[in-house]
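> generate coordinates for the sequence data below:
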Amino acid sequence: MKIARLYQFARACPAICGRTILLQCRWFQPDFVPRDPTAKPKRYKYPAFYDPYGPRPPPSDKIVQLAEKIASLPPEERMQIGSALQAKMSLPKLQRIDTEGLDVGAQAGARAGPAKTEEKAEKTTFDVKLEKFDAGVKLKVIKEIRSFTDLGLKEAKELVEKAPVILKQQVTKEEANSIIEKIKAVGGIAVME
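Numbering: from 1, shown residues only. The predicted structure is shown next:
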């Protein structure tokens with residue numbers, strides 16, 4: 001009863017109640033019937049797989065026989081089918097797209113030939129990484145790390161406890177070798193990356 005009076009009031013005073021918003025609410029629609037709470041929810045049957053193009057007719061016998069013939073060919077002859085069809089149907093030849101300078105992801109970059117040759121070029125800067133150390137020489141390793149970095153005692157201790165960790169980045173080969181030798185002398189194992 002109260003809802004019906006509120007509905008009548010809203011229809012009479014649209015400027016006060018914001019009639020359009022109030023009438024969009026389903027409880028204030030005159031033909032609204034609430035769902036039966038005892039009714040079971042509807043179960044919809046979904047297809048086994050989704051085909052965005054809809055159902056297709058099955059292939060003809062001629063196509064099936066052609067597919068069987070292609071499957072029975074040796075691999076060398078199967079590789080020639082694409083170029084033969086391209087020539088027979090006068091299709092344009094596919095051209096390779098140059099991806100140099102584009103970020104195409106790690107997988108595509110790993111396959112590219114020119115990127116590998118650039119990596120084989122002489123590296124000028126290296127990173128020094130602390131692999132591991134004996135627990136008894138932890139204090140000596142911390143002191144040695146403090147000697148070639150500008151870290152405080154607390155920061156150096158936290159860095160050593162995170163091993164394996166990169167100690168210093170972008171150093172020359174000579175500097176990296178000297179750091180590795182110093183760490184090896186106190187009982188730690190460091191590598192150059």
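> which elements pack onto the lengthiest helix in the chain?
Longest helix in the chain by number of residues, with DSSP state H as the criterion: helix 173-186. Judged by 3 or more Cβ pairs under 8 Å, 6 or more residues apart in numbering; DSSP states H and E, helix 173-186 is in contact with strand 126-133, helix 138-148, strand 165-171, strand 188-192. The C-beta positions use only the backbone N, C-alpha and C, and glycine is treated the same way.
> tell me how far E68 lies from F49.
24 Å (Cβ to Cβ, to the nearest Å).
> my bad, E131
Using Cβ to Cβ, E131 is found at 50 Å from F49.
> which of these two has more residues huddled nearby?
A count of neighbours by other Cβ atoms under 10 Å puts E131 above the other of E131 and F49, at 12 against 5.
> picking up where we left off before, could the helices and strands packed on helix 173-186 go into a markdown table alongside mean pLDDT and distance to P59?
Shown next, in a markdown table, are these (pLDDT from 0 to 100; distance: least, Cβ to Cβ, whole Å):
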| stretch | mean pLDDT | distance to P59 |
| --- | --- | --- |
| strand 126-133 | 86 | 58 |
| helix 138-148 | 87 | 70 |
| strand 165-171 | 85 | 59 |
| strand 188-192 | 86 | 59 |
